[in-house]
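Novice: Compute the structure for the input listed below.
(one chain, ligands or ions: 1)
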Amino acid sequence: MKIGIIGGTGPQGLGIAKRLAIAGEDVIVGSRKEEKALTVVGEANEEIKEHNPKELVGMANEDAAAAADVLILTVPLQAQSATLKTIKENAKGKVLLDATVPLETAIGGPVSNPLHINPGSAAERAAKILKDADVKVVAAFNNISNSHLANIPDPIECDCLICGDDKEAKEIASDIIEKIPGLRSIDIGPLNKAHLIESITPLLIGMNIKFKSHYGGFRITGIDFE
Ligand SMILES: NC(=O)c1ccc[n+]([C@@H]2O[C@H](COP(=O)([O-])OP(=O)(O)OC[C@H]3O[C@@H](n4cnc5c(N)ncnc54)[C@H](OP(=O)(O)O)[C@@H]3O)[C@@H](O)[C@H]2O)c1
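Specialist: Below you'll find the model as predicted:
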C-alpha cells in the first residue's frame, strides 16, 4: 500500500512520513512544487537512514494523489480547499485522512483558540469538497504534535482519535496510525464528531504554551476498547 502525504513538506506531514517510512511503509511526500518535495525528501532520507526506513519519494501533490492508495492531508486550513481541488480528480474513490485543525490563526487570532467553521469541522469540509469524487474522509492525526513525531525513534505515548462515515476507511486509518510506535487509534464515531477531535488540538497547544512544552498529548483512561 502506498501512502501519499498531500502537503507533506511541513512539520506535521513530514513527521508522519518519516515515522511511516521507518515502519517500512511506502510513502510519497507531496508538495505544490515537485522540486520542493524532492529537496525535502532528500534531506529527510539522509536524516532517518540510520533507522533503515523505506526511502521517501517526492512528487507534486497531484501526482502523489494519483500514485498513492491512501492519502493524508497535512496543510493549514487556509490551504485546505485549494489543495483538495487540485487532487480531487486523482483522489477518486480513495481514503483520505485529514489532519487539518481549524485554528484562529487563520484569521489572525491566537493559536490556542479553535476556529468555528461551517460545516462544523475541517474534516466535514473536506468531505463536502470531495463528495462527488467518492473519497472516504477520516479525521486523523489532528491531536499528534509534530514535536512528538520528530522525536525519532522514541514511541509517541498518545491516543489518536479518529472519526468517519466509512468503516473500512477507518480500519485502514487505524492500521496506518498504529504503525507508529506508541500511538493508539480510537474510533469515536461518524464524521460529524470531527469538531470534537479538532478542538482538542488548541487545548493541547494552550497547555503547551502555559507549561512550556511542545509534547502535549493525551490518553483516554477507564475504557476497555478491546
Ligand atoms: N504542526 C503540528 O504539530 C500539528 C499537529 C496536529 C495537526 N496539525 C495540522 O496539520 C496541518 C499541517 O500542519 P503543519 O504545521 O505541517 O503546516 P504548515 O507547515 O503550515 O504547512 C504544511 C504544508 O502545506 C503547504 N502549504 C502551506 N501554506 C499553503 C497555502 N497557502 N496553499 C497551499 N499549500 C500550502 C506547504 O507545502 P508546499 O509548499 O510544499 O506545497 C506546507 O509545507 C495543519 O492543518 C495543522 O493544523 C499540525
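Novice: Identify the residues contacting the residue nearest in space to the middle of the chain.
Specialist: Taking C-alpha atoms, centre = their mean, the centroid of the chain lies closest to Ala99, which sits 3.6 Å from it. Counting by C-beta atoms under 8 Å, 6 or more residues apart in numbering, Ala99 touches Gln12, Gly13, Ile16, Ile72, Leu73, Thr74, Ala140, Phe141, Asn142. To be clear about C-beta, it is placed using only N, CA and C from the backbone, and glycine gets the same treatment.
Novice: ok, now with 10 Å
Specialist: Going by C-beta atoms under 10 Å, 6 or more residues apart in numbering, Ala99 touches 5, 7, 12-13, 16, 72-75, 122-123, 139-144, 160, 198, 201.
Novice: what's the answer for Glu35, then?
Specialist: Taking C-beta under 10 Å, 6+ apart, one finds Gly58, Ala60 in contact with Glu35.
Novice: tell me the pLDDT at the closest residue to the ligand within the chain?
Specialist: With C-beta to the nearest ligand atom, the shortest gap between the chain and the ligand falls at Gly10, namely 2.4 Å. Gly10 is assigned a pLDDT of 98 by the prediction.
Novice: ok, now Phe225?
Specialist: For Phe225, pLDDT reads 89.
Novice: In this structure it contacts Ser185, no?
Specialist: Yes. If you go by C-beta atoms under 10 Å, Phe225 and Ser185 touch, sitting 9.5 Å apart.
Novice: Of these two, give the one with the bigger neighbour count.
Specialist: Neighbours per residue, other C-beta atoms under 10 Å: of Phe225 and Ser185, the larger number sits with Ser185, 21 against 9.
Novice: picking up where we left off before, shouldn't the residue of the chain closest to the ligand be in contact with Gly30?
Specialist: No. Taking contacts as C-beta under 10 Å, Gly10 lies outside contact range of Gly30: 11.0 Å.
Novice: tell me which parts of the chain are close to the ligand?
Specialist: Taking C-beta under 6 Å from any ligand atom, the part of the chain that reaches the ligand is made up of 7, 9-13, 31-32, 36, 74-79, 82-83, 99-101, 142, 144-146, 201.
Novice: which among the residues you listed end up buried?
Specialist: Neighbour counting by 16 or more other C-beta atoms under 10 Å classes 7, 9-10, 12-13, 31-32, 74-77, 79, 83, 99-101, 142, 144-146, 201 among these as buried.
Novice: These in helices, which ones?
Specialist: By the criterion of DSSP state H, membership of these in helices covers Gln12, Gly13, Leu77, Ala79, Thr83, Asn146, Thr201.
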